[in-house]
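Visitor: 3D, please:
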Amino acid sequence: MVVKVDIEKVTGIIRDVSAEEIAPRFGQLADEDIEAKTHALDLVTIADTEAERVLTKRLTDLLPGSLALGEEAAHADPDLQERIFAGDDPFWIIDPVDGTKNFAHNRQPFRCMVGLYAGGETIAAWIIDPIDGTATVAEKGSGTRYQDKSVSVRSQITKPSDAKGFLISYARDRLVKQYGHMDFFDTVAHYSCCGAEYEELARGDFDFCAYRTLKPWDHAPGTLLVREAGGYARYITKDWDNEYNANATAAGLLCASSEELWLEMNEILLPLFS
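Guide: Residues are numbered from 1 along each chain as shown. The predicted structure is shown next:
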């Protein structure tokens, strides 16, 4: 089944919902607007739930017969992810506020992320800044665009010592424990917002990112942006060509701007994610 949507119309929907449900609440949350989910640092706000509710309605209306897999809906219904992936219907993968911890504490960055999944793969992706409306968008086979201009990764970066990237605290701590230092890379940063990190990799501002928690809403949109910009998104495994898929699992995920860089970084990170 061939699934096609109006990419620009979807971009407009996400921008509108972000402007209506997310942006006005930034810096305006009351205590009762923020709750903890699985632990004290795993937060959800009224902006997350309301944006997801509206996005689910508008996107499934746009593509009749489609379903939605939202982060908050999956938290409320632990079997939802398995049921949706087991079916044949196309569906929207929605992270209404990626970087909720930043958002809840009046910090940036945070993003609204959406992916469209059909035929066993992510076929389109959107990452949008709710505050200024800037959008990074990808469609499988058509490249990645930021503000309607084509972007690409820094494919000339082939060595970790020349690379700038993002590592979660787990990886940074394990690097020091495993090797006694972190002097493998030019620059290491962490935004607490993987959507913004994926954008910077796809636009050529950074060169790698690695993650441990692999929920579809966190990575399905971003990995497509990176791939369509010329980068690589593979699981951190000995089977080095194990490509990312939103419904697969592994101990870790590594994205890089060139295959040479990915291979060298996989060797460095593999002992940490085994």
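Visitor: What pairs with the lowest-mean-pLDDT helix or strand in the chain, parallel or antiparallel?
Guide: Least confident helix or strand, the chain: strand 34-36 with a mean of 89, by mean pLDDT, DSSP states H and E. Counting by DSSP bridges, the strands paired with strand 34-36 are strand 43-45 (antiparallel).
Visitor: So Y211 is in contact with C193, correct?
Guide: No - taking contacts as Cβ atoms under 8 Å, Y211 lies outside contact range of C193: 11.9 Å. Every residue, glycine included, has its C-beta placed from N, CA and C.
Visitor: what's the overlap in contacts for these two?
Guide: Residues touching both Y211 and C193 (Cβ atoms under 8 Å, 6 or more residues apart in numbering): there are none.
Visitor: where does the chain dip in pLDDT?
Guide: 1, 40-41, 240 (pLDDT under 70).
Visitor: Let me see the ranges of the strands in it.
Guide: Assigned by DSSP state E, the chain shows strands spanning 34-36, 43-45, 67-70, 91-98, 111-118, 121-128, 135-139, 144-146, 149-151, 164-167, 187-189, 208-211, 232-235, 253-256.
Visitor: Sheet partners, orientation included, of the last one?
Guide: Strands that pair with strand 253-256, judged by DSSP bridges, come out as strand 208-211 (antiparallel), strand 232-235 (antiparallel).
Visitor: Show me which positions of the last one end up buried.
Guide: Right, strand 232-235. Under the neighbour-count criterion of 16 or more other Cβ atoms under 10 Å, strand 232-235 has 232-235 buried.
Visitor: I'd like to know which of those is nearest to D16.
Guide: D16 has its nearest neighbour among these in A233, at 28.9 Å by Cβ to Cβ.
Visitor: Can you tell me, leaving aside adjacent residues, what's nearest to the closest one?
Guide: Distance criterion Cβ to Cβ, 6 or more residues apart in numbering; nearest residue to A233, sequence neighbours excluded, is T223 at 3.8 Å.
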